[in-house]
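> Next come a sequence and a model predicted from it.
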Amino acid sequence: MKVLVTGGLGFIGSHTVVELQNDGFKVVIIDNLSNSKIEVLEQITSITGIKPQFEEFNLLDKPKVEAFFNSNKVDGIIHFAASKAVGESVERPLLYYNNNLGSLLNVLEAMLVSKQDNFIFSSSCTVYGQADVMPITENAPIKPAESPYGNTKKIAEDILNDTTNAHSLNAIALRYFNPIGAHPSAKIGELPIGVPQNLIPYVTQTAAGIHEQLSVFGDDYPTPDGTAIRDYIHVVDLAKAHIVALKRLIENKNKTALEFFNIGTGKGSSVLDVIYAFEKATNKKLNYKIVPRRAGDITEAYADTTLANTELGWKSEKSLEDALGDAWRWQLQQK
Ligand code: UFG
């Protein structure tokens, strides 16, 4: 079995390539290195002992996408390639709509023309906005997006819905909660460009002395300790969800042409919970201060994972401490 992984050198993509290869799949990666490094290919090879096929090009280059699909037959496509910085998307919305939706359209069109099936899409819990009920099920209402980035995920789900209705194409959209951590080998992990916007890279960089202090954005939320709550999932657990979702499509076990699954742990952790868990996992004290809320942040989001548990037979296995320990070991590898 051969699988195309777009964005396969990125954070979640690289961990998914490792799990695919560990499971016996042949992998071909398309990545334009816009937010990843070619060294990741060597690191994947060193973890699994197998070098994946690698094609470097931009998925906005339609003739190249068509040529690829005409000369490569795959059993499934896992589509990660996208821009993902929420703040940047507010400043450069057209870049985000163009990149994230243009590449999706090119891949879907080429799949239809070359009669290839089985599409796994990286969606996000951002489509739920601030959900009214916790934990969040897949039936929770979709709320207006908080950012152009979030809107590209919502629109992409709509595109998949219309396309799977009109054509013989099967797809699963995985709605990720907050992916964190790194591979236990510390050979692959998250590579934030510039100052990280996300909590865990900022935590590990602060502990490493790159930043003096972590800012905790708000302690006046209506939560037990006043800080905001998220569902932090280890990237290796998240990667494994893609394998079971892909097998479901390959084995024709899907119940509808497009299915949605929440991929999280089901457990909500506050920012202070994360800080204490990091200190426990690493034996390091973290310098932090409470500052006002960050604009656009929601109070809480954590998943009801019942559907993924029962339908995919998937469940997260690693703890928050495991993820933070792995993120720290990865940080220590960085120069
Ligand atoms: N936080 C801090 N200090 C920091 C960074 C973050 O206190 O320096 C807090 C945030 O306020 C939030 C929590 O830590 O309460 C998590 O923040 P992240 O930026 O790590 O994650 P978000 O939940 O804000 O964002 C994530 C993904 C986005 C996605 C969004 C909504 O990173 O891609 O969820 O689904 F759009």
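Received the coordinates, thanks.
> Which pLDDT value belongs to the closest residue to Val90 other than its chain neighbours?
Excluding the flanking residues, the one nearest Val90 by C-beta to C-beta, 6 or more residues apart in numbering is Ser147, at 5.5 Å. Any C-beta I mention is one placed from the backbone N, CA and C, and that applies to glycine too. If you check Ser147, the pLDDT there is 94.
> and Ser147, how many neighbours?
18 (other C-beta atoms under 10 Å).
> okay, and for this protein, where does confidence drop off?
The chain contains no residues with pLDDT under 70.
> What helices and strands are in contact with the lengthiest helix in the chain?
For the chain, the longest helix by residue count, based on DSSP state H, is helix 148-166. With contacts defined as 3 or more C-beta pairs under 8 Å, 6 or more residues apart in numbering; DSSP states H and E, helix 148-166 has these neighbours: helix 86-91, helix 93-96, helix 102-113, strand 119-124, strand 171-176, strand 258-263.
> Would you mind listing what in this structure touches the ligand?
Residues of the chain lying close to the ligand (C-beta under 6 Å from any ligand atom) are 84, 86, 124-126, 149-150, 178, 197-199, 202, 214-217, 228, 230, 271, 294, 297.
> which among those end up buried?
84, 86, 124-126, 149-150, 178, 199, 202, 214, 216-217, 228, 230, 271 (16 or more other C-beta atoms under 10 Å).
> for those, which one is nearest Gly10?
Gly10 has its nearest neighbour among these in Lys84, at 8.4 Å by C-beta to C-beta.
> got a list of what that closest one touches?
Residues near Lys84 by C-beta atoms under 8 Å, 6 or more residues apart in numbering: Asn35, Tyr149.
> before we move on, the earlier item: ok, which of the helices and strands packed on helix 148-166 comes nearest Thr48?
Nearest to Thr48 among the helices and strands packed on helix 148-166 is strand 119-124; the distance by C-beta to C-beta comes to 19.6 Å.
> That closest one versus strand 258-263: what angle between them?
Relative orientation of strand 119-124 versus strand 258-263 (axes from the mean of the first three to the mean of the last three C-alpha atoms, to 10 degrees): 50 degrees.
> So in that sheet, which strands flank strand 119-124, and in what orientation?
strand 76-79 (parallel), strand 171-176 (parallel) (DSSP bridges).
> what about the residue nearest to Ile38 when sequence neighbours are not counted, which SS state?
Ranked by C-beta to C-beta, 6+ apart and with sequence neighbours excluded, the top spatial neighbour of Ile38 is Leu9, at 7.3 Å. The three-state assignment at Leu9 reads coil, by DSSP: H, G, I helix; E, B strand; the rest coil.
> neighbours around Leu9, how many?
The tally of other residues near Leu9 (other C-beta under 10 Å) stands at 29.
> From what I see, it and Val40 are in contact.
Yes - using C-beta atoms under 8 Å, Leu9 is in contact with Val40, at 4.3 Å.
> Now for the nearest residue to Gly129 once chain neighbours are set aside: which residues touch it?
Nearest non-adjacent residue to Gly129, counting by C-beta to C-beta, 6+ apart: Lys143, 3.0 Å away. Lys143 is in contact with Val127, Tyr128, Gly129, Gln130, Ala131, counting by C-beta under 8 Å, 6+ apart.
> Nearest to the ligand: which residue in the stretch 1-150 of the chain?
Thr126 (3.2 Å; C-beta to the nearest ligand atom).
> how near is that residue to Ala67?
To Ala67, Thr126 is 33 Å away according to C-beta to C-beta, to the nearest Å.
> now the helices: where do they sit in this protein?
11-22, 39-48, 62-71, 86-91, 93-96, 102-113, 148-166, 199-207, 235-250, 271-282, 306-307, 320-333.
> what comes up buried for the fourth one?
It refers to helix 86-91. Val86, Glu88, Ser89.
> ok so, going back, Gly150 is in contact with the residue of the stretch 1-150 of the chain closest to the ligand, correct?
Yes - in this structure Thr126 lies within contact range of Gly150 using C-beta under 8 Å: 4.0 Å.
> are any of the contacts of Lys143 buried, and which?
Among the contacts of Lys143, those buried by neighbour count (16+ other C-beta under 10 Å) are Val127, Tyr128, Gly129, Ala131.
> does the last one really touch Asn139, like I thought?
No - between Ala131 and Asn139 no contact is recorded; they are 10.5 Å apart, counting by C-beta under 8 Å.
> re earlier: wait, which of the helices and strands packed on helix 148-166 is closest to Val28?
Of all these, helix 102-113 comes closest under C-beta to C-beta, at 13.1 Å.
> OK, contacts around Asp304?
Asp304 makes contacts with Pro135, Ile136, Thr137, Asn262, Gly266, as judged by C-beta under 8 Å, 6+ apart.
> Let's see that with 6 Å instead.
Pro135, Ile136, Thr137 (C-beta atoms under 6 Å, 6 or more residues apart in numbering).
> So what does it have for phi and psi?
The phi and psi torsions at Asp304 (degrees, to the nearest 10) take the values phi -90, psi 110.
> ok, the residue nearest to Ile38 to Leu104 distance?
Separation of Leu9 from Leu104 (C-beta to C-beta) stands at 18 Å.
> Same check on Glu157?
From Glu157 to Leu104 the distance is 10 Å (C-beta to C-beta).
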